[in-house]
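Peer 1: Curious how this folds, go ahead:
(2 chains)
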Amino acid sequence: MPMTMTQKILADHAGLDSVAPGDLIEAKLDYVLGNDVTTPPAIKVFEKLGVKDVFDKDRVLMIQDHFTPNKDIKSAELNKTMRCFAREHEITHYYELGRKEMGIEHVILPDNGIVLPGDLVIGADSHTCTYGALGSFSTGVGSTDLACAMARGVTWFKIPEAIRVNLTGNLKKFVTGKDLILSIIGKIGVDGALYKSLEFGGEGIRALSMDGRLTVCNMAIECGAKNGIFPVDDITLKYISKTNPGRFAKNGYKVYTADEDAEYSQVLDINLDDIDLTVALPHLPSNTKKASECTDMKIDQVVIGSCTNGRLEDIEAAVSILKGRKVNENVRCIVIPGSQKVFRQALDNGWLRDLDDAGCVISTPTCGPCLGGHMGVLAKGERCVSTTNRNFVGRMGDPESEVILSGVPVAAASAVLGRVGTPDEL
Amino acid sequence: MKVSGKVFKYGDNIDTDVIIPARYLTSADPEHLKEHCMEDIDLSFKDRVKSGDIMVAGKNFGCGSSREHAPVAIKASGISLVIADDFARIFYRNSINVGLPILECPEAAQKINDGDEVEADFDTGIITDKTTGESFASKPFPEFIKNIMANGGLVGYTESELKD
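Peer 2: Here you go, the predicted structure:
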């Protein structure tokens, strides 16, 4: 039976020759991930299971990023629980803040060369679907699934149906992967891909850099998808040759390709030339509009960062717009490099100086404001343009505050303009 | 197994941020979480909900984050069942794992009103609105989910697998 990329990866990890949508399988996991919010409850379950050790200390990852650096005593306790467990079980991929490997989970797993094509990854964070950009299968789970996976290195999956997203053409100036995925979510709705895999393809994928693809897959969950996935091409191979030269040289990865006659429940044909600078207005990621149609919306804050848009290319895009300009007097512009590596590169390139000159505040890597945790929580009635991934009621603070999602160019331009706007207006 | 209670009805796309806002995720204690369940869209929920009550909502219930705190908060509030058109995938999985019963039934989700008295039978999947007298058929849990439930959730299931 013909299969999609997702179906092939799942079948292979379950030791099966073929699978069909709806099949229930138990599959071996290459990596199992948790963060400071989801791991502590998982540790409780893990201890209840009475298991002595995790299935593989190199394959269970624990990343502190949500409420770090600890925002209060309770979050310090959460982190302490995770830190103690990681030390006791000698977890390889547990890092302290400030170390060169450290950062937001979905920024560092690809960038540190941990996840490679063909891998099967689950993480107790909904944006775990990010790594599909590398041609791997990854999806989010909860803390109980995480705990059981930490113990056994396997979990069960239902084989998803697939939606094919066929890309052609080229992205216009300033238009990014973020605009593409927001447009897709706007088109199919926040449940448009519920339970399904979102399989990208077509010659248009060449218009998307690896950072752009990571952004696209990151938000697959926002239309309900189980995962998003890109085929492996020379852009992928060049990326992994840098992130993990050792495994790359030894062919320690696997390239899966969809069968020509694989079945898709829906095909979306998208010409990238038709994608405009896009925003998602409150309070759903599907509430999309052209940024140029929202220029009367005044703002109080801009956030540039997160697992969606905190990569090097994102910081570079912010600098290219903010350098030599000033953040509007009524706006706070918070820039959060997604990892220490990104932070350091931005520092070495002189970008942080440019951002500082523009009047931005630069934060250590953290998820902080994206989920209304800390480092940029909104007051009642305040409005923020943010490169993060969700704009639900109360997401970034007060239930009466508002988040407008956008890509980096719109966010940076809006910071200067003091309202929603595009770089063309500067 | 049957449950029955008064209905709390909500709309489409009820996300995990409104079920339990992230600002309260500094503790996973169910007693703490239930104090803030639904508060960003229904401040009085926690005071009005009684043990056994039933939540009914529209499409894509539980969309958003992977936080297991969301079904835990609903369960700790005393809710015995959530009925919706359909559920976001991670929420669906988490609910089963933590033992919060959920049923997908678009017809029931549409026709049941806020405040109705509703009864549901998990073995047959039959949902009865005792206020209006209408009955709805939903798909009962498939066998393997029943197995997970029989083992008291995923923890019990995994424990039994580890013994083999």
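Peer 1: Please make it C-alpha for all contacts and neighbour counts, starting now.
Peer 2: Noted.
Peer 1: average pLDDT for stretch A:410-426?
Peer 2: Stretch A:410-426 shows an average pLDDT of 98 in the prediction.
Peer 1: What is the end-to-end distance of that stretch?
Peer 2: Across stretch A:410-426, the terminal residues are separated by 11 Å (C-alpha to C-alpha, to the nearest Å).
Peer 1: which residues are in contact with that stretch?
Peer 2: The contact list for stretch A:410-426, computed with C-alpha atoms under 8 Å, 6 or more residues apart in numbering or on different chains, reads A:174, A:277, A:291-292, A:294-304, A:318, A:321-322, A:325-333, A:385-387, A:409.
Peer 1: are any of these buried, and which?
Peer 2: Among the contacts of stretch A:410-426, the ones that count as buried by 16 or more other C-alpha atoms under 10 Å in any protein chain shown are A:174, A:277, A:291-292, A:294, A:298-304, A:318, A:321-322, A:325-328, A:331-333, A:385-387, A:409.
Peer 1: Output the longest strand belonging to chain B.
Peer 2: strand B:2-9 (DSSP state E).
Peer 1: Just give the number of residues close to residue B:53.
Peer 2: Neighbourhood size, residue B:53 [other C-alpha atoms under 10 Å in any protein chain shown]: 23.
Peer 1: my guess is it meets residue B:80, correct?
Peer 2: Yes. At 5.9 Å, residue B:53 counts as touching residue B:80 under the criterion of C-alpha atoms under 8 Å.
Peer 1: Run a quick neighbour tally on the residue of the stretch 51-200 of chain A found nearest chain B.
Peer 2: Nearest residue of the stretch 51-200 of chain A to chain B (C-alpha to the nearest C-alpha) works out as residue A:126 at 4.7 Å. Burial of residue A:126 is recorded as 26 neighbouring residues (other C-alpha under 10 Å).
Peer 1: so what's the residue found closest to it once you drop the neighbours it is linked to in the chain scoring on pLDDT?
Peer 2: Closest residue to residue A:126 apart from its sequence neighbours, by C-alpha to C-alpha, 6 or more residues apart in numbering or on different chains: residue A:140 at 4.3 Å. Predicted confidence (pLDDT) for residue A:140: 98.
Peer 1: how many other residues sit next to residue A:140?
Peer 2: Residues near residue A:140, counting by other C-alpha under 10 Å: 27.
Peer 1: Distance check, it against residue A:153.
Peer 2: 15 Å.
Peer 1: Beyond the helix or strand bottoming out on mean pLDDT in chain B, next helix or strand please.
Peer 2: Lowest mean confidence among the helices and strands of chain B (mean pLDDT, DSSP states H and E): helix B:143-150, at a mean of 69. Downstream of helix B:143-150, the next assigned helix or strand under DSSP states H and E is helix B:154-163.
Peer 1: And what about the residue nearest the centre of chain B, helix, strand or coil?
Peer 2: Central residue of chain B (C-alpha atoms, centre = their mean): residue B:82, 3.3 Å from the mean position. Here residue B:82 is strand, with the state taken from DSSP: H, G, I helix; E, B strand; the rest coil.
Peer 1: so what's it bridging to?
Peer 2: Judged by DSSP bridges, the bridge partners of residue B:82 are residue B:55, residue B:102.
Peer 1: part of a helix, is residue A:385?
Peer 2: No. Membership of residue A:385 in a helix is not supported by three-state DSSP, which gives strand.
Peer 1: For it, give its distance to chain B.
Peer 2: Using C-alpha to the nearest C-alpha, to the nearest Å, we find residue A:385 at a distance of 18 Å from chain B.
Peer 1: didn't that residue look like it was pressed against residue A:401?
Peer 2: No. Applying C-alpha under 8 Å as the test, residue A:385 and residue A:401 come out as separate, 11.4 Å apart.
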